[in-house]
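Asker: Next one to model:
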Amino acid sequence: MLGQPDDPRGIVLPLDGRPGGTETGAPERNGGPRPLRNGNPPPGPALLLSWTPTPAVDDDRTWATLSASSELARRLSPDAGRGPAAGLTFRLALPEAFGAEPLLRLAGGETAAAAPGSSALVPVAPTAPGDRHGAGLGLLTLTTAAEIAATGTQTRVLDALTAAVDQLAPSCVMRLDSRLRAAEESLREAQAELLERGSLVVDGDATDSGSPSRGLETAVANLSVLRHQTHAWIAGWERVVAGADPSGTPGLALRDALGEVGKLGWTGFPAGVHGAYQALVLDARRILLTAADHLLRAPNRPLTALRPLVESDLAGRAADVARLHRLLTTLSTLPQTVRKRSGGMMPNLIADQAAANARSQALFTRMANALRSPVWDGRVVVEVRSLDSGELQVLRPV
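Answerer: Sure thing, here's the model as predicted:
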């Protein structure tokens, strides 16, 4: 595709399905391409691919290691006969997220700064039979960027929720659903398969028919069940909050009412929040991965075809996470009172209830803070290093 590292030309790969011209100027050394010699802009959105020599410093940013024969290596190679040149760090940047914006806003993520070096604009539609184009490379870039951001944020949120429970409600049992753990493993394997093979389909034939791996099929089915369960829990918790007295609600009654939802009990409520968040994020990741697989097996479709496949569903999952965050925020500000019994209460019992109210309110606050979405700068960027062995290292952001 590109004659790295010293090819003086830029190559335009459009992303919207329109053929692009082949007349290009030499890439600038500041990370940006020169305009086409005829003065026309690239036809539609394009992926910006730049590359620089890999620095000697080992910064241990490896997120995944891919084989020399991987789909990503094939799409980065200068021609079909050899892989990408060794000793380079490639930076792949998309101008937009093509429908994955709700997931990336939910996940946030940091973007590696551009470094001086050669670059090219990469279009995404074939101009002739057999031509390679940038839609597939764009899909691999987008899913990888989303997975890096989503898995990092998901781990941070779940760790923060667990730490809050350990410190403020140690009596609560954080028993996690094994279906969530299995779905997490299946999605990680699916992303690796996409980068290695360019497809999630196994047992395919010449017509590219086939079926996803059994693990992914099971994960999809389980996530569907868990999503409906999560919707029911969130709706139930919202009814509890809506029925609470905003001027002051007995803390013990509030905790009991929250525990009645799904019959989790108050000691199961934190684990329910933990599982609800994880199920929603896992399902959002599943939506993007399976849609990308669908387009990768339809090589003549542009990257812009991804938006109608994913945007609405991803927005729904992000909205559900936002509901969960609003619920916990409201609980954190809801005054909790001590319910007095007839005949009065002993001072030590009043103090115990007041302390339990304070701990639960602090727990709601910590959980709400954990679910606050990080900032996303609107860019989609992935960095990849080519090793002397021919393998590729996908890098985390700095």
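Asker: Just the element for the residue positioned nearest the centre of the chain, please.
Answerer: For the chain, the residue nearest the mean C-alpha position is residue 150 (3.0 Å; CA atoms, centre = their mean). Assigned by DSSP states H and E, residue 150 belongs to helix 134-168.
Asker: Relative to the whole chain's centre, how far out is that helix?
Answerer: Relative to its parent chain, helix 134-168 has a centroid offset of 5 Å by CA atoms, centre = their mean, to the nearest Å.
Asker: can you give me the helices in the stretch 1-150 of the chain?
Answerer: 71-76, 101-107, 134-168 (DSSP state H, counting those that start in this stretch).
Asker: What segments of the stretch 151-300 of the chain are strands?
Answerer: 201-202, 211-212, 249-250 (DSSP state E, counting those that start in this stretch).
Asker: Okay, now the unreliable bits of the stretch 151-300 of the chain?
Answerer: Across the stretch 151-300 of the chain, the ranges flagged by pLDDT under 70 are 201-212.
Asker: Any buried residues in stretch 154-174, and which?
Answerer: 154, 157-158, 161-162, 164-165, 168-169, 172, 174 (16 or more other CB atoms under 10 Å). Just so you know, the C-beta spots here come from the backbone N, C-alpha and C atoms, and that holds for glycine as well.
Asker: hey, C-alpha coordinates of it in CSV?
Answerer: Provided in CSV are the C-alpha atoms of stretch 154-174 (Å, rounded to 0.1, in the frame of the first residue of the first chain):
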residue,chain,number,x,y,z
GLN,A,154,-14.2,-0.2,32.2
THR,A,155,-11.4,-1.6,34.4
ARG,A,156,-10.9,1.8,36.1
VAL,A,157,-14.7,2.1,36.9
LEU,A,158,-15.1,-1.5,38.1
ASP,A,159,-12.0,-1.2,40.3
ALA,A,160,-13.3,2.1,41.7
LEU,A,161,-16.7,0.6,42.5
THR,A,162,-15.1,-2.4,44.2
ALA,A,163,-12.8,-0.2,46.3
ALA,A,164,-15.7,1.9,47.4
VAL,A,165,-17.6,-1.1,48.6
ASP,A,166,-14.6,-2.6,50.4
GLN,A,167,-14.0,0.6,52.3
LEU,A,168,-17.6,1.8,53.0
ALA,A,169,-19.8,-1.4,52.9
PRO,A,170,-17.6,-4.4,53.6
SER,A,171,-20.7,-6.5,54.6
CYS,A,172,-21.9,-6.3,51.0
VAL,A,173,-21.1,-9.3,48.8
MET,A,174,-19.4,-8.5,45.5
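Asker: tell me how far it is from the chain's mean position?
Answerer: Per CA atoms, centre = their mean, the centroid offset for stretch 154-174 relative to its chain is 22 Å.
Asker: Which residues does that stretch contact?
Answerer: 107, 266-271, 273-274, 277-278, 281-282, 359-360, 362-363, 366-367, 369-371 (CB atoms under 8 Å, 6 or more residues apart in numbering).
Asker: and the closest residue to residue 353 other than its chain neighbours, what is it in contact with?
Answerer: Nearest non-adjacent residue to residue 353, counting by CB to CB, 6 or more residues apart in numbering: residue 338, 4.5 Å away. By CB under 8 Å, 6+ apart, the residues touching residue 338 are 250-251, 345, 350, 353-354, 357.
Asker: what is the rounded mean pLDDT of stretch 44-52?
Answerer: When pLDDT is averaged over stretch 44-52, the result is 87.
Asker: Start at 35, not 1
Answerer: Understood, numbering begins at 35; the last thing we discussed is stretch 78-86.
Asker: Could I get the buried residue list for that stretch?
Answerer: Buried residues in stretch 78-86 (16+ other CB under 10 Å): 78-86.
Asker: Next: stretch 120-130.
Answerer: Here stretch 120-130 shows 120, 122-130 as buried, counting by 16+ other CB under 10 Å.
Asker: now stretch 247-261
Answerer: 247, 250, 253-254, 256-257, 260-261.
Asker: can I get those in TSV with distance to residue 412?
Answerer: Below are the buried residues of stretch 247-261 laid out as TSV (distance: CB to CB, whole Å):
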residue	distance to residue 412
247	33
250	30
253	30
254	30
256	33
257	28
260	30
261	28
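Asker: Among the buried residues of stretch 120-130, which ones are in strands?
Answerer: Among the buried residues of stretch 120-130, the members falling in strands (DSSP state E) are 122-128.
Asker: How about residue 416: which residues does it bridge to?
Answerer: residue 126 (DSSP bridges).
Asker: hmm, back to that, with distance to residue 104 and pLDDT added, can I get the ones in strands among the buried residues of stretch 120-130 in TSV?
Answerer: Formatted as TSV, those follow (distance: CB to CB, whole Å; pLDDT from 0 to 100):
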residue	distance to residue 104	pLDDT
122	16	93
123	17	93
124	13	93
125	18	94
126	14	94
127	20	93
128	20	93
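Asker: Turn these into CSV, including distance to residue 153.
Answerer: CSV is the format used below for those (distance: CB to CB, whole Å):
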residue, distance to residue 153
122, 12
123, 12
124, 10
125, 8
126, 11
127, 9
128, 14
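Asker: Dump the helices of the stretch 35-184 of the chain into a markdown table; add distance to residue 418 as well.
Answerer: Output for the helices of the stretch 35-184 of the chain, formatted as a markdown table (distance: least, CB to CB, whole Å):
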| stretch | distance to residue 418 |
| --- | --- |
| helix 105-110 | 7 |
| helix 135-141 | 19 |
| helix 168-202 | 9 |
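Asker: Go through those and name the closest to residue 231.
Answerer: helix 105-110 (5.9 Å; CB to CB).
Asker: Buried ones in stretch 296-311, by neighbour count?
Answerer: 296, 298-311.
Asker: Now intersect these with the helices, please.
Answerer: Using DSSP state H, 303-311 are the members of the buried residues of stretch 296-311 that sit in helices.
Asker: Next, give me the two most distant ones among those.
Answerer: Put simply, by CB to CB the two of these set farthest apart are 303 and 311, 13.0 Å from each other.
Asker: Show me the helices in the stretch 285-432 of the chain, by range?
Answerer: Using DSSP H, counting those that start in this stretch, the helices of the stretch 285-432 of the chain run over 285-294, 303-330, 341-367, 381-404.
Asker: Which of those helices sits closest to residue 156?
Answerer: Nearest of the helices of the stretch 285-432 of the chain (CB to CB): helix 303-330, 16.0 Å.
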